[in-house]
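A.B. asks: the following block contains a protein sequence and its predicted model.
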Amino acid sequence: MRVLSVSVRDFRCYEAAAAPLGGGLTVIWGPNGAGKTNLLEALYFGCTGRSCRTVNDREVVRFGSRTARVVVAAEDEVGPHEFTVGFTPGEPKRMTHDGAPVERLVDLSSRPLMSVFLPERLDLVRGVPALRRAHLDQYLAALWPARAANRSTYAQTLAQRNALLARVDHGGSRASLAAWDERLAAAAIALMADRAQASSELAAAFAEIAPSLGLEADPEVFYRPRSQASSIEEFQAELRERLSSDLERGFTEHGPHRDDLVLRHAGRQLRTYGSQGQQRLGLLALLLAERRVISRYRAAAPLILLDDVMSELDRERRQALVQLLLNDGGQAVITTTDQEHVPLIESPEIALVGVGGGSVLSPQTATAGVQ
């Protein structure tokens, strides 16, 4: 699936605009405040039905307007496709795929896969484990969509066991705990196996990509499960050992819902010991490594959106990033305030989109001044 263009109306700073995308790397160029990041957000919004920058969708509606609308045009081997999202605050979103209403774009197997690097996403590296668990499961679902059900099964079973623990605490019977322990153990073992396999494939790509971006001292990413069980019976035994503690708390403390994905550099966790610059590089390398692995299993690599990624890279690392994006195939979009920050900008494989004053500029205006 290749994205051809994004069109917006009353989205953030844009009253009405349309931007084409190249088949490889597209560079969105313009001064600060011109609307570069807003175009990235519109692409994500149009392909997923949600913002990559805020949980409050009201913020995407242009000030003074009532409704925001995004249309993403794409194509695959079957032919052209169109994804639309319309949003009016206080009303349900209106989403369509090729003109047919859909409840959730993210459930469509035919939509473009998305990956996004934003400076505010550093919490994925330095934040709490829950953020990395959720991200790991999203990556896993992109690799093997059918396995996403294992995460849902575990979450539902965990909720049932927790409800039972709460009832026992208030005089309920323990009789059915054993049955729920077996179900939870089966779901946990399946989920941990999925996470371990997905992380193992990610590790090699991360170790290869991270040094080229500046993390040269033994970069690592690995899965850290809370449980050491390798079978349903062993996980059940772990639950029995902790039953008194679970009853006292009223919830299940042990299991995959406590796992973590660890990023390490020079033997130390980036979360705790990495500088902000190293954390940015770790996040970038993680997303690029995931994209490379996913491209082996899916028909196309995810469209990766990279906002303000060049500002903290030196010339050599910028060159490495652009070359990596071009060599790995698939589509990528980079924003920059300075065209000189993008090596190989004159390459026919790189498309240039200029923005300014809430408008997308013509190709002739956008490329003016490029030497």
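C.D. replies: Now that the structure is in, tell me what you want to look at.
A.B. asks: can you pull the contacts of the nearest residue to A142 once chain neighbours are set aside?
C.D. replies: Once flanking residues are discounted, A142 sits nearest to I294: 5.3 Å by C-beta to C-beta, 6 or more residues apart in numbering. (Glycine included, C-beta is placed from N, CA and C.) By C-beta atoms under 8 Å, 6 or more residues apart in numbering, the contact list for I294 reads 113, 139, 142-143, 301-302.
A.B. asks: swap the cut-off to 10 Å and go again
C.D. replies: Taking C-beta atoms under 10 Å, 6 or more residues apart in numbering, we find I294 in contact with 113, 115, 139, 142-144, 198, 201-202, 205, 300-302, 330.
A.B. asks: list buried members of these by neighbour count.
C.D. replies: Neighbour-count burial (16 or more other C-beta atoms under 10 Å) applied to the contacts of I294 gives 113, 115, 139, 142-143, 198, 201-202, 205, 301-302, 330.
A.B. asks: report the secondary structure state of the nearest residue to G357 once chain neighbours are set aside.
C.D. replies: Spatially, and ignoring its direct neighbours in sequence, G357 is nearest to A34 (7.1 Å; C-beta to C-beta, 6+ apart). Secondary structure, DSSP: H, G, I helix; E, B strand; the rest coil: A34 is coil.
A.B. asks: so how far is C52 from A34?
C.D. replies: 19 Å (C-beta to C-beta, to the nearest Å).
A.B. asks: likewise for R195?
C.D. replies: 23 Å.
A.B. asks: now swap in A217 and tell me
C.D. replies: The gap separating A217 from C52 is 31 Å, by C-beta to C-beta.
A.B. asks: among the two, which residue is more densely surrounded?
C.D. replies: Between A217 and C52, counted using other C-beta atoms under 10 Å, C52 has the larger neighbour count: 20 against 12.
A.B. asks: next up, the contacts around the more buried one.
C.D. replies: 37, 40-41, 43-45, 114-118, 120-121, 305, 307.
A.B. asks: PyMOL command for the buried members of those residues?
C.D. replies: In PyMOL, selecting the buried portion of the contacts of C52, with burial taken from 16+ other C-beta under 10 Å, looks like this:
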select buried, resi 37+40+41+43+44+45+114+115+116+117+118+121+305+307
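A.B. asks: restricted to helices, list the contacts of C52.
C.D. replies: 37, 40-41, 43-45 (DSSP state H).
A.B. asks: closest one of those to A178?
C.D. replies: The shortest gap between A178 and any of the ones in helices among the contacts of C52 belongs to Y44, at 45.1 Å (C-beta to C-beta).
A.B. asks: not counting sequence-adjacent ones, nearest residue to that closest one?
C.D. replies: Spatial nearest neighbour of Y44, chain neighbours left out: C52 (4.3 Å); criterion: C-beta to C-beta, 6+ apart.
A.B. asks: rewinding a little: gap between the residue nearest to A142 and E241?
C.D. replies: For I294 relative to E241 (C-beta to C-beta), the value is 38 Å.
A.B. asks: give the helix, strand or coil label for M95.
C.D. replies: Applying three-state DSSP: M95 is strand.
A.B. asks: and it, how many neighbours?
C.D. replies: Around M95 there are 22 residues (other C-beta under 10 Å).
A.B. asks: with A74 instead?
C.D. replies: With other C-beta under 10 Å as criterion, A74 counts 21.
A.B. asks: quick check, it in a helix?
C.D. replies: No. Per three-state DSSP, A74 lies outside any helix segment and is strand.
A.B. asks: lowest-pLDDT helix or strand in this structure?
C.D. replies: Every helix and strand in the chain was compared by mean pLDDT, DSSP states H and E; the lowest is helix 363-366, with a mean of 47.
A.B. asks: low-confidence ranges, the stretch 201-350 of the chain, go.
C.D. replies: Of all residues in the stretch 201-350 of the chain, none has pLDDT under 70.
A.B. asks: spell out the residue ranges of the helices in it.
C.D. replies: Counting by DSSP state H, counting those that start in this stretch, the stretch 201-350 of the chain has these helices, from start to end: 232-241, 243-249, 270-273, 276-297, 315-328.
A.B. asks: longest strand anywhere in the chain?
C.D. replies: For the chain, the longest strand by residue count, based on DSSP state E, is strand 2-11.
A.B. asks: check which helices and strands that one sits against.
C.D. replies: With contacts defined as 3 or more C-beta pairs under 10 Å, 6 or more residues apart in numbering; DSSP states H and E, strand 2-11 has these neighbours: strand 14-20, helix 36-48, strand 68-75, strand 80-87, strand 359-360.
A.B. asks: mind checking the pLDDT average for the third one?
C.D. replies: Going back to what we said before, that points to strand 68-75. Strand 68-75 comes out with an average pLDDT of 97.
A.B. asks: what helices or strands is that strand leaning on?
C.D. replies: strand 2-11, strand 14-20, helix 36-48, strand 80-87, strand 94-97.
A.B. asks: what are the phi and psi angles of the spatially closest residue to E234 that is not a sequence neighbour?
C.D. replies: In this structure, E234 finds its nearest non-sequential neighbour in Q228, 7.8 Å apart by C-beta to C-beta, 6+ apart. Phi and psi for Q228, reported as degrees, to the nearest 10, are phi -100, psi 10.
A.B. asks: how much space is there between Q228 and M192?
C.D. replies: If you go by C-beta to C-beta, the gap between Q228 and M192 works out to 10 Å.
A.B. asks: picking that back up, so which of the contacts of I294 belong to strands?
C.D. replies: S115.
A.B. asks: dump the contacts of I294 to TSV, plus distance to R58.
C.D. replies: Formatted as TSV, the contacts of I294 follow (distance: C-beta to C-beta, whole Å):
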residue	distance to R58
L113	27
S115	25
Y139	29
A142	28
L143	34
W144	35
A198	35
E201	39
L202	36
A205	38
A300	33
A301	33
P302	28
G330	33
